[in-house]
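**Student:** Attaching a predicted model along with its sequence, questions to come.
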Amino acid sequence: MKRKEFILNACTVAAATLFPFNNLFAKKNSNENALWYELLEYARWCPSPHNVQPWKVKIISKTAAHLYYDPARVPVVVDTQSAFTIMGMGMFLECLRIAALAKGYELDVIQQQEPRLDCSGTQPRLFAAMSLLPTDKKATMAPQLIKDRRTSRAQYDGRLIPAAAIGRFKAIASTFGYNFVHTADQGLINYIIDLNSQTELERSDDKPTMDEMKKWIRTSDKEAAEKKDGLWYRCLATKAKVLHNFIYHHERFRHTWKQKIVKSMLNKGMKGTANMAWMTGAFNKRADWLQAGAMLQQLWLQMTKENIYMHPLGTVITTVGAKEKFMKKTGYDNDDEKLWFQVRLGYSEEPQRSYRLSVEDIVI
């Protein structure tokens, strides 16, 4: 080793010993970082399963950054393969891509070859390396749509979505290699709503599932504002006390008559649903999950553009018995086109906006 390199390395080690790591490599919103901060101001509004927001970003230069994930923010019980969390990371990358295009840059991404997320440690783990490349390519989606997007778990007004809009949704899914299947069959819609409510009640009896969900349930306005993540009772369109008792005192709801009341409340919460849809296609490995995330983000923004709200119904799809019932009901038996996502969609009053981590929380 050359004498100059030896001295430099020795100084670095000494500095790391004398000063805290975060101080040595303190993040600063300098002019060099300004572009990434601007892009992240959009991307931070990206949706994620249970609003866990697992992303962290380390800015390397004006046009380079590393995307990490925080193991503490990855659900391991309800998302055993990391499929939906990785899909969320794909949505986050798509938000960055859309925002970057509006600034005249193409987002180039080099993925880590990690088949699923490793949650064994406590430090952020590298997910991908990102670069911004100048481009003349025009953005097809306005970045403002990322901020305007909402999830509406409220009652809908019963209006059917125009066929032309459904056609646009199908076209977006097809561009990414997926199928968007829509139904306005009220009998089938009522069946799905009832199946979803019943499955949620059954899953709530599973202790590992409930223990994990407790990390992300926000039953007070103060907790929601302080943590800026998770499922806030206002966004779930329910009462704080009811949600708190159901999550933290679930034993009180084991009587059959009480479960009937809860199921009725869950079904009533989806009153006015006149449209449902599900997605099929490749959903077996990391590359599939990332592709699905990019597609879902584009689809959701198109819905936002058309003043249509979407509410993902993950319980049926991720519960084997319920998924089998749904597939039998619809006659779906195509093993080559995996059924991986289900939603209700339509029109409602503007829902409560959930909290998000700040850019300063995301940058490391």
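**Tutor:** Yep, it's here.

**Student:** and stretch 256-271, C-alpha only, in PDB?
**Tutor:** Presented in PDB, the C-alpha positions along stretch 256-271 are these (Å, rounded to 0.1, in the frame of the first residue of the first chain):
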ATOM      1  CA  THR A 256     -70.300 -16.000  17.300                       C
ATOM      2  CA  TRP A 257     -72.800 -13.200  17.600                       C
ATOM      3  CA  LYS A 258     -70.100 -10.600  18.000                       C
ATOM      4  CA  GLN A 259     -68.300 -11.900  14.900                       C
ATOM      5  CA  LYS A 260     -71.600 -11.600  12.900                       C
ATOM      6  CA  ILE A 261     -71.800  -7.900  14.000                       C
ATOM      7  CA  VAL A 262     -68.200  -7.200  13.000                       C
ATOM      8  CA  LYS A 263     -68.600  -9.000   9.600                       C
ATOM      9  CA  SER A 264     -71.800  -6.900   9.000                       C
ATOM     10  CA  MET A 265     -69.800  -3.700   9.800                       C
ATOM     11  CA  LEU A 266     -67.000  -4.800   7.400                       C
ATOM     12  CA  ASN A 267     -69.500  -5.500   4.600                       C
ATOM     13  CA  LYS A 268     -71.300  -2.300   5.200                       C
ATOM     14  CA  GLY A 269     -68.100  -0.400   4.900                       C
ATOM     15  CA  MET A 270     -67.900  -1.400   1.300                       C
ATOM     16  CA  LYS A 271     -71.400  -0.400   0.500                       C
END
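
**Student:** Pull out the buried residues from it.
**Tutor:** Residues of stretch 256-271 classed as buried: 259, 262, 266, 267, 269, 270 (neighbour count, 16 or more other CB atoms under 10 Å). (C-beta placed from N, C-alpha, C; glycine too.)

**Student:** who touches the strand or helix carrying residue 37?
**Tutor:** Counting by DSSP states H and E, the element that carries residue 37 is helix 34-43. Applying CB atoms under 8 Å, 6 or more residues apart in numbering, the contact partners of helix 34-43 are 29, 55, 57, 59, 62-63, 65, 92, 95-96, 98-100, 103, 105, 132, 143, 146-147, 359, 362-363.

**Student:** Repeat the analysis, applying 7 Å as the threshold.
**Tutor:** Residues outside helix 34-43 that contact it (CB atoms under 7 Å, 6 or more residues apart in numbering): 29, 57, 59, 62, 65, 92, 95-96, 99-100, 103, 143, 146-147, 359, 362.

**Student:** from memory residue 124 sits against residue 118, does it?
**Tutor:** No - contact status for residue 124 versus residue 118: not in contact, 11.2 Å apart, counting by CB atoms under 7 Å.

**Student:** Of those two, which one has the most company?
**Tutor:** For the pair residue 124 and residue 118, the greater number of neighbours falls to residue 124 (20 against 12), based on other CB atoms under 10 Å.
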